[in-house]
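Asks: With the input below, show me the fold.
(one chain, ligands or ions: 1)
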Amino acid sequence: MRFDVLTIFPEVFPGPLGIGVVGRAIEAGNISVTAHDLRDWTADKHRKVDDIPFGGGAGMVLTAQPLVAAVRQIRFERPGIRCILMSPQGRVFDQTVASELAQEQDILLVCGRYQGVDERARAEIGEELSVGDYVLSGGEIAAMAVIEATSRLVAGVLGSPESLVGESFSEATEGGFEPPLYTRPAIFEDNEVPAVLRSGDHAAIERWRRQQIQQAQRRHRPDLVRCGTTSGGQK
Ligand code: SAH
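Replies: From the prediction side, this is the model:
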């Protein structure tokens, strides 16, 4: 799967995408991440990408010209590419969106900066994704989150694909949390691993895990309780 990123800071890529699971997938050729400098598409000799907002207001706005030129050229060269603007006003990115994007071959993520991008460039790009209801200073970190979450769902990227099963927000957890995790030692600072996990009784372990998930979701994410792993309890 190929990701392209359009940004005024191409040097921040691959950044953290160069290590761990995604880093290995890039090395193995399962995933590629190519950052393009938006300034390469400026018509202006000073390679200017921003200007003041019409109607007044603070800050600068990314101009339409280089964004539209870049997106048109990339779409022309790679028909079928899915172009997405990173935007706090977009559809909220979650595990469902990640699985949907993992089915694509080719994705372009466009990173805004400053106060945002000119509406005519937004219209040209079309689709928008947000990584949550808060404002970042630029789309780069948002794009990295989208690339990382999506890549690990692409076949062949995770060394052991079974680690996806039962992860938080997966099908197996019905969109809810994964259960609490413990590893050795069995006793750490007088704090013992719940005995059930060492009982070898798989049915009891399963019941305990479901209970823990229900409690954690009720406490931290009551919005997930209805659709989470609560089939034994509240529905
Ligand atoms: N003034 C805008 C925020 C601009 S932040 C507003 O109030 O809505 C600058 C850029 O950062 C945006 O164009 C977008 O590309 C990126 N960005 C900021 N927050 C984001 C979020 N939650 N999700 C995705 N991209 C975000």
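Asks: does Q212 really touch P179, like I thought?
Replies: Yes - shown here, Q212 and P179 form a contact pair, counting by CB atoms under 8 Å, at 5.3 Å. Where you see a C-beta, it was placed from the backbone N, CA and C, and this is true even at glycine.
Asks: Those two: which has the busier surroundings?
Replies: Per other CB atoms under 10 Å, whichever of Q212 and P179 has more neighbours is P179, with 20 against 16.
Asks: For the chain, what lies in contact range of the ligand?
Replies: 86-89, 111-113, 115-117, 130-132, 134-136, 138-139, 142 (CB under 6 Å from any ligand atom).
Asks: Could you pull out the strands in this protein for me?
Replies: Taking DSSP state E, the strands of the chain run over residues 2-7, 32-37, 50-51, 61-62, 82-92, 106-110, 127-130, 187-188, 191-192.
Asks: In JSON lines, list those along with mean neighbour count and distance to D223.
Replies: JSON lines is the format used below for the strands of the chain (neighbours: other CB atoms under 10 Å; distance: least, CB to CB, whole Å):
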{"stretch": "strand 2-7", "mean neighbour count": "23", "distance to D223": "30"}
{"stretch": "strand 32-37", "mean neighbour count": "18", "distance to D223": "32"}
{"stretch": "strand 50-51", "mean neighbour count": "16", "distance to D223": "38"}
{"stretch": "strand 61-62", "mean neighbour count": "22", "distance to D223": "34"}
{"stretch": "strand 82-92", "mean neighbour count": "19", "distance to D223": "12"}
{"stretch": "strand 106-110", "mean neighbour count": "23", "distance to D223": "27"}
{"stretch": "strand 127-130", "mean neighbour count": "17", "distance to D223": "17"}
{"stretch": "strand 187-188", "mean neighbour count": "10", "distance to D223": "32"}
{"stretch": "strand 191-192", "mean neighbour count": "10", "distance to D223": "30"}
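Asks: Next, the contact list for the closest residue in space to P194 that isn't next to it in sequence, please.
Replies: Spatial nearest neighbour of P194, excluding adjacent residues (CB to CB, 6 or more residues apart in numbering): W208 at 6.9 Å. Residues in contact with W208, defined by CB atoms under 8 Å, 6 or more residues apart in numbering, are P179, P194, V196, L197.
Asks: One more: E11?
Replies: A35.
Asks: distance of it from H220?
Replies: Distance of E11 to H220, given as CB to CB, to the nearest Å: 37 Å.
Asks: I'd guessed A43 sits against Q65; true?
Replies: Yes - applying CB under 8 Å, one finds A43 in contact with Q65, separated by 5.8 Å.
Asks: Looking at the two, which one has more neighbours?
Replies: Per other CB under 10 Å, whichever of A43 and Q65 has more neighbours is Q65, with 18 against 10.
Asks: Next up, the contacts around that one.
Replies: W41, T42, A43, D44 are the contacts of Q65 under CB under 8 Å, 6+ apart.
Asks: Are any of these buried, and if so which?
Replies: Buried members of the contacts of Q65, scored by 16 or more other CB atoms under 10 Å, are W41, T42.
Asks: nearest to the ligand, of the contacts of Q65?
Replies: Each of these was scored against the ligand by CB to the nearest ligand atom, and W41 proved nearest at 16.8 Å.
Asks: State the distance from the closest one to R72.
Replies: 9 Å.
Asks: Residue ranges of each domain in the protein, please.
Replies: By the record's domain assignment, the chain is partitioned as 2-151, 165-226 (automatic domain parsing).
Asks: Among those, show me which one is buried the most.
Replies: Mean neighbour count (mean count of other CB atoms under 10 Å) peaks for domain 2-151 among the domains of the chain, with a mean of 17.
Asks: what separates that domain from the chain centre, distance-wise?
Replies: Centroid separation between domain 2-151 and its chain, computed with CA atoms, centre = their mean, to the nearest Å, is 12 Å.
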